[in-house]
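A.B. asks: Fold the following.
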Amino acid sequence: MAMRLALATLAILLATPSLGQAQDSGIELGTQAPPAALETLDGKPADLARYVGKTPVVMEFWATWCSNCKELEPAMLALHRKYGAKVRFVGVAVSVNQSAERARLYVQKHAIPGDHYFDRRGNASGAYDVPATSYVVVIDRTGKVAYTGLGGKQPGLEAAIRKVM
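C.D. replies: Numbers count the residues shown, from 1 in each chain. The predicted structure is shown next:
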């Protein structure tokens, strides 16, 4: 009986994501958010360093074809409405199977708020060790990675945003 209870407790603990828990892959929590050269959706050079250490940031690596990104989109829109005045929202469109123009049209059509970039060469994806699309990184005002999450549902995301404000 005690063994079954211990195994059930272990299963629940393993299945429950904790706030700010790092993924099996991805940038490590507590590390300084790295700079990364990319471009605006209209092709101008940019760098993610412009956000680091200035204000809290919610950064999503996404793609127009990503079903998890589409599932996460309503939550991201609601979080932007709620926290957008205090937290910078940044979208990084990955270059796999899409173009900057396709990403730009998607952002425009769906009225996605925030600053948006295109990672043509994969610099940002590499710097942040992005495991897949719908990967979210929350960076605190000192520039440290405070949360990473992956997938269409990220129950700890709002609490992580509140924590870095």
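A.B. asks: how about low-confidence regions in the chain?
C.D. replies: By pLDDT under 70, the weakly predicted segments of the chain are 1-24.
A.B. asks: quick one, strands of it?
C.D. replies: Assigned by DSSP state E, the chain shows strands spanning 37-40, 45-47, 57-62, 88-94, 115-119, 135-139, 145-150.
A.B. asks: As JSON lines, the ones you listed with mean neighbour count and distance to A103 would be great.
C.D. replies: Any C-beta I mention is one placed from the backbone N, CA and C, and that applies to glycine too. Listed next are those as JSON lines, based on neighbours: other C-beta atoms under 10 Å; distance: least, C-beta to C-beta, whole Å:
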{"stretch": "strand 37-40", "mean neighbour count": "17", "distance to A103": "10"}
{"stretch": "strand 45-47", "mean neighbour count": "13", "distance to A103": "14"}
{"stretch": "strand 57-62", "mean neighbour count": "25", "distance to A103": "8"}
{"stretch": "strand 88-94", "mean neighbour count": "23", "distance to A103": "4"}
{"stretch": "strand 115-119", "mean neighbour count": "23", "distance to A103": "6"}
{"stretch": "strand 135-139", "mean neighbour count": "26", "distance to A103": "16"}
{"stretch": "strand 145-150", "mean neighbour count": "22", "distance to A103": "20"}
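A.B. asks: any chance of those in a markdown table, with distance to V107 too?
C.D. replies: A markdown table is the format used below for those (distance: least, C-beta to C-beta, whole Å):
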| stretch | distance to V107 |
| --- | --- |
| strand 37-40 | 11 |
| strand 45-47 | 15 |
| strand 57-62 | 10 |
| strand 88-94 | 7 |
| strand 115-119 | 5 |
| strand 135-139 | 17 |
| strand 145-150 | 21 |
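A.B. asks: Of all those strands, which one is nearest R104?
C.D. replies: Among the strands of the chain, strand 115-119 comes nearest to R104, with 7.6 Å by C-beta to C-beta.
A.B. asks: Strand partners (parallel or antiparallel) of that closest one?
C.D. replies: strand 37-40 (antiparallel), strand 88-94 (parallel) (DSSP bridges).
A.B. asks: and it, how far from the chain's centre?
C.D. replies: On the basis of C-alpha atoms, centre = their mean, to the nearest Å, strand 115-119 sits 12 Å off its chain's mean C-alpha point.
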